[in-house]
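>>> The sequence and its predicted three-dimensional model are supplied below.
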Amino acid sequence: MNQSRRTFIKSSALAVAGASIFSESIFALPKSMQLVGVQLYSIREDMEKDPLATLKLLSKMGYKYVEHANYYERKFYGYPAKEFKKVLADLGMSMPSGHTVMGKQHWDASKKDFTDLWKYTVEDAAIAGQQFVISPWLDESLRKTSDDLKRYMEVFNKSGELCKKSGMKFGYHNHHFEFAEKFEGVSVYDIILSNTDPKLVMQQLDIGNLYNGGAKAIDVVKKWPGRFESMHVKDEIVSNGGHEKYESTVLGAGIVGVKEVIELGRKSGGTIHFIIEQESYQGKTALDSVKEDLAVMSKWGFK
């Protein structure tokens, strides 16, 4: 099995709302506001070898939007923010969202303020043209107890306030532990959503990752209508190796019921970004896989 996104991130870096009854029209947004993109971690090895050539191939496939998973020393894949935005623009592409883990090094508890490291992260995201600044991990030290987690959700909200100053929103992306780990019967994910302000903190629901936590995406979207402005569109099959039971595969080939989930996201989940991510390929190349994924999305009416 290929290296999981969770392993990559770790190495590089209460009331539970009931199922409320809402009209789907409250959350349904015009298709003109919706977009389909690709998380560049899907083709991580290609991006590492030659970012520009890889982006050109994505553009030829028909991708117009990308989501980064590489921001180090104020650069995206080796390019300063302004330059990377131009690289994408020259290819008819843009980057409306990106992944950078927000951790202990980004928050000064004594000053109750973010460090320059996080302020630069937000600044560069704005320069690059992002709409969402997404943290795709929550360190174990920040979720030892329910109270620890709730306190750190205040930092999430403050990050949302910081991003709002630049016309963006802060966001969080789940893996599996948010559903597997519970405090007094309440999942980490429910605590996160119950203690973050939807006006400041968006959720990017990875509809595949949560299977390893014993959850189903369709149930989560129904439980929290309107909370998922972005989704990682991912399908899962039983893994033949590795440390997790499930691994990702080409859309429509697995057990997630992807089309049903993203249709619900479009109708009542508040979803406007549909970001394809595939981390395992079952013998295919990464580029061939994301090309096939985009064709499936187009067939389903998501363009």
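The structure has been received and is ready for your questions.

>>> okay, CA-based contacts and neighbour counts for the rest of this
Noted.

>>> Show me the helices in the chain, by range?
Applying DSSP state H to the chain gives helices spanning 5-11, 24-27, 44-49, 51-61, 81-90, 116-128, 146-164, 177-180, 188-194, 217-223, 258-264, 286-299.

>>> Can you redo the ones you listed as CSV, where the extra columns are distance to Phe170, mean neighbour count and mean pLDDT?
CSV is the format used below for the helices of the chain (distance: least, CA to CA, whole Å; neighbours: other CA atoms under 10 Å; pLDDT from 0 to 100):
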stretch, distance to Phe170, mean neighbour count, mean pLDDT
helix 5-11, 18, 13, 53
helix 24-27, 19, 15, 50
helix 44-49, 24, 15, 98
helix 51-61, 25, 17, 98
helix 81-90, 18, 17, 98
helix 116-128, 9, 19, 98
helix 146-164, 5, 19, 98
helix 177-180, 18, 19, 98
helix 188-194, 13, 20, 98
helix 217-223, 20, 18, 98
helix 258-264, 22, 19, 98
helix 286-299, 26, 18, 98
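
>>> CA-only coordinates of stretch 200-218 in CSV, if you can.
Extracted as CSV, the C-alpha positions of stretch 200-218 are listed here (Å, rounded to 0.1, in the frame of the first residue of the first chain):
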residue,chain,number,x,y,z
LEU,A,200,-15.2,31.3,10.7
VAL,A,201,-14.2,27.6,10.4
MET,A,202,-15.2,25.5,7.5
GLN,A,203,-15.0,21.7,7.4
GLN,A,204,-13.5,19.7,4.5
LEU,A,205,-15.0,16.2,4.9
ASP,A,206,-12.8,13.5,3.6
ILE,A,207,-15.4,11.0,2.6
GLY,A,208,-12.9,8.1,2.4
ASN,A,209,-10.7,8.6,5.4
LEU,A,210,-13.4,8.2,7.9
TYR,A,211,-14.1,4.5,6.9
ASN,A,212,-11.0,3.6,8.9
GLY,A,213,-12.6,5.2,11.9
GLY,A,214,-15.7,3.1,11.6
ALA,A,215,-17.9,6.0,10.2
LYS,A,216,-19.8,6.5,6.9
ALA,A,217,-19.7,9.7,5.1
ILE,A,218,-23.4,9.7,4.2
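
>>> What is the neighbour count of Val101?
Other residues near Val101 number 23, with proximity taken as other CA atoms under 10 Å.

>>> Now do the same for the spatially closest residue to it that is not a sequence neighbour: its pLDDT.
Beyond its immediate neighbours in the sequence, the residue positioned closest to Val101 (CA to CA, 6 or more residues apart in numbering) is Ser135, lying 4.5 Å away. According to the predicted model, the pLDDT of Ser135 comes to 98.

>>> what does Gly241 give?
Gly241 is assigned a pLDDT of 85 by the prediction.

>>> Backbone dihedrals for it, please?
Reported as degrees, to the nearest 10, the phi and psi values for Gly241 are phi -170, psi -180.

>>> and the gap between it and Thr54?
28 Å (CA to CA, to the nearest Å).

>>> What of Gly185?
Applying CA to CA to Gly185 and Thr54 gives a distance of 45 Å.

>>> what does Met231 give?
According to CA to CA, Met231 stands 23 Å off from Thr54.

>>> want to try a markdown table for the helices of the chain, with distance to Ala109 as columns?
Converted to a markdown table, those look like this (distance: least, CA to CA, whole Å):
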| stretch | distance to Ala109 |
| --- | --- |
| helix 5-11 | 22 |
| helix 24-27 | 36 |
| helix 44-49 | 34 |
| helix 51-61 | 37 |
| helix 81-90 | 28 |
| helix 116-128 | 13 |
| helix 146-164 | 10 |
| helix 177-180 | 24 |
| helix 188-194 | 20 |
| helix 217-223 | 32 |
| helix 258-264 | 38 |
| helix 286-299 | 41 |
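
>>> Ok, which of those helices comes nearest Glu73?
Checking those against Glu73 by CA to CA gives helix 116-128 as the closest, at 9.2 Å.

>>> Show me what that closest one packs onto, helices and strands only.
Judged by 3 or more CA pairs under 8 Å, 6 or more residues apart in numbering; DSSP states H and E, helix 116-128 is in contact with helix 81-90.

>>> residue contacts, the closest residue to Phe177 other than its chain neighbours?
On the basis of CA to CA, 6+ apart, the spatially nearest residue to Phe177 that is not a chain neighbour turns out to be Gly213, at 5.9 Å. Under the criterion of CA atoms under 8 Å, 6 or more residues apart in numbering, the contact list for Gly213 reads His176, Phe177, Glu178, Phe179, Ala180.
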